[in-house]
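S.K.: fold the following.
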Amino acid sequence: MIEATLPTQLNSSIGGTKNFYNWNFLDKQYRVVYETVGTGNPILLLPAFSTVSSRTEMKGIANLLATNYRVTVVDWLGFGESQCPPVDYSPVLFQHLLGNFIKSVFKSPIILIAAGHAAGYALKFAQDNPDIIYQSILIAPTWQGPLRVMGLPTVVRNSVKNLVRSPVIGQGLYYLNTTPSFLHLMYKRHVYVDETKLTPEFIARKHQITSKPGARYAPAAFVTGAIDPVADREEFLQLLDSVSIPVLIILAENAPPKSKAEMSAMAELGKVQTVKLTGTLGIYEESPEAVTEAILNFL
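M.R.: Predicted coordinates:
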C-alpha cells in the first residue's frame with residue numbers, strides 16, 4: 001500500500017494550508033483533503049461523521065489550538081472536500097485510511113482529538129500505536145448510527161443504505177433528507193443548543209456540502225450504522241479501557257438521551273478524565289472556546 005502527499009495548495013477552509021493526500025486502497029487511488037494551521041507539537045483533529053461532515057466544523061478549535069500547536073484537520077473519504085467514490089464504506093476502510101494517513105503525514109508522535117463517531121476509530125488506532133499517539137481527547141463521543149439508535153434491525157438498515165446508493169430513487173431520498181429545512185430541523189434537535197446560530201447562511205453552507213457529486217454514499221453508510229466502529233457498548237468500553245495513553249472525554253450535557261447515556265457510561269471508567277460542558281452533538285463547533293479550554297487544561 002503506497003501513500004503520497006501532493007503539493008500544497010493555497011486555498012483553505014480553516015485559515016491554514018490545504019493539502020491533498022493520495023491514498024491507495026485495494027489497488028485504487030483516492031484523494032483525501034487535509035489542512036494544517038499553526039506551529040508547534042502536532043495535533044490531528046478528526047471531524048465527526050454526519051451527512052454534513054467537514055473539517056470546517058473544527059475551524060474554531062483548530063485556530064484556538066494553533067497558537068501553541070501545529071494542527072491538522074482531515075476530511076474523511078466520502079465527506080467534506082475529499083473524494084466521494086461509490087465504494088463500500090466500512091470500519092475496515094476508515095481504520096486503514098486513518099492508520100495510513102497518520103503514518104504518512106506525521107513524522108513524530110501526535111495528540112489525537114476525535115469528535116462523535118470518529119472516537120472509536122481514534123481509540124482503535126491509539127490502542128495499536130501507543131508510540132505514535134501519546135494523548136487523546138474524545139469530544140461528545142458516539143458509536144451508533146442514527147437508524148441504529150432508533151432500533152431498526154440490521155436487515156432494514158442495510159436495505160435503506162442500498163436504496164440510498166441506487167441511481168435514481170437514492171438520489172431523490174438523499175435530496176429530501178438534505179434540504180435546508182430538514183438540515184435546520186436536525187441541527188435544532190440534535191446538534192446545536194442555540195437555535196439563533198442556525199442562520200440561513202449557516203444552513204446554506206451545510207447544504208452546499210451535501211450537493212457535490214457522490215456525496216450520498218458515505219453518509220448513507222453512517223446513517224444506517226454501516227461504519228459504526230464497534231458492535232455494542234461493551235466493546236466500546238473495553239476498547240476505551242484497553243488504551244494505555246491518557247484520555248479526556250468531553251461530555252455534552254444536552255446530548256440526546258441515548259447518546260448521553262453512552263457518554264455517561266464511558267465517564268464511569270476510572271482511568272479516563274471527563275469534563276461536562278453545555279452543548280449537544282455539535283458542541284465542538286458551537287462552543288469552540290469552552291471545548292478548547294478543556295482540551296488545553298488536559299494537555
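
S.K.: distance between stretch 38-46 and the chain's centre?
M.R.: From the chain centre to the centre of stretch 38-46 is a distance of 16 Å (C-alpha atoms, centre = their mean, to the nearest Å).

S.K.: mind listing what's buried along that stretch?
M.R.: Residues 38, 42-46 are the ones in stretch 38-46 that count as buried (16 or more other C-beta atoms under 10 Å). Placement of C-beta: from N, CA and C, glycine included.

S.K.: ditto for stretch 239-259
M.R.: 239-240, 243, 245, 247-252, 255-256, 259.

S.K.: same question for stretch 272-286.
M.R.: Residues of stretch 272-286 classed as buried: 272, 274-275, 277, 279-286 (neighbour count, 16+ other C-beta under 10 Å).

S.K.: would you put the C-alpha positions of that stretch in PDB?
M.R.: C-alpha atoms of stretch 272-286 as PDB (Å, rounded to 0.1, in the frame of the first residue of the first chain):
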ATOM      1  CA  VAL A 272     -10.400   8.400  31.900                       C
ATOM      2  CA  GLN A 273     -10.700  12.100  32.700                       C
ATOM      3  CA  THR A 274     -14.000  13.700  32.000                       C
ATOM      4  CA  VAL A 275     -15.300  17.200  31.600                       C
ATOM      5  CA  LYS A 276     -19.000  18.100  31.200                       C
ATOM      6  CA  LEU A 277     -19.900  21.100  29.100                       C
ATOM      7  CA  THR A 278     -23.200  22.700  28.000                       C
ATOM      8  CA  GLY A 279     -23.900  21.600  24.400                       C
ATOM      9  CA  THR A 280     -25.100  18.700  22.300                       C
ATOM     10  CA  LEU A 281     -23.600  16.600  19.500                       C
ATOM     11  CA  GLY A 282     -22.100  19.700  17.700                       C
ATOM     12  CA  ILE A 283     -20.500  21.100  20.800                       C
ATOM     13  CA  TYR A 284     -17.100  21.300  19.200                       C
ATOM     14  CA  GLU A 285     -18.400  23.700  16.500                       C
ATOM     15  CA  GLU A 286     -21.000  25.600  18.600                       C
END
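
S.K.: the helices in this structure, which residues?
M.R.: For the chain, the helices defined by DSSP state H occupy 59-65, 91-105, 118-128, 146-149, 154-165, 169-176, 180-186, 200-209, 217-223, 233-242, 257-267, 283-286, 288-298.

S.K.: work out the gap between the fourth one and the centre of the chain.
M.R.: Think helix 146-149. With C-alpha atoms, centre = their mean, you get 17 Å for helix 146-149.

S.K.: do the same with the last one
M.R.: Relative to the centre of its chain, helix 288-298 is centred 18 Å away, using C-alpha atoms, centre = their mean.

S.K.: from the contact counts, what lies against it?
M.R.: For helix 288-298, the elements it packs on are helix 59-65, strand 133-139, strand 247-252, strand 273-277, helix 283-286, judged by 3 or more C-beta pairs under 8 Å, 6 or more residues apart in numbering; DSSP states H and E.

S.K.: and the pLDDT for the closest residue in space to Thr292 that isn't next to it in sequence?
M.R.: Distances taken as C-beta to C-beta, 6 or more residues apart in numbering put Leu64 closest to Thr292, at 4.2 Å, once the chain neighbours are dropped. On the pLDDT scale, Leu64 is placed at 98.
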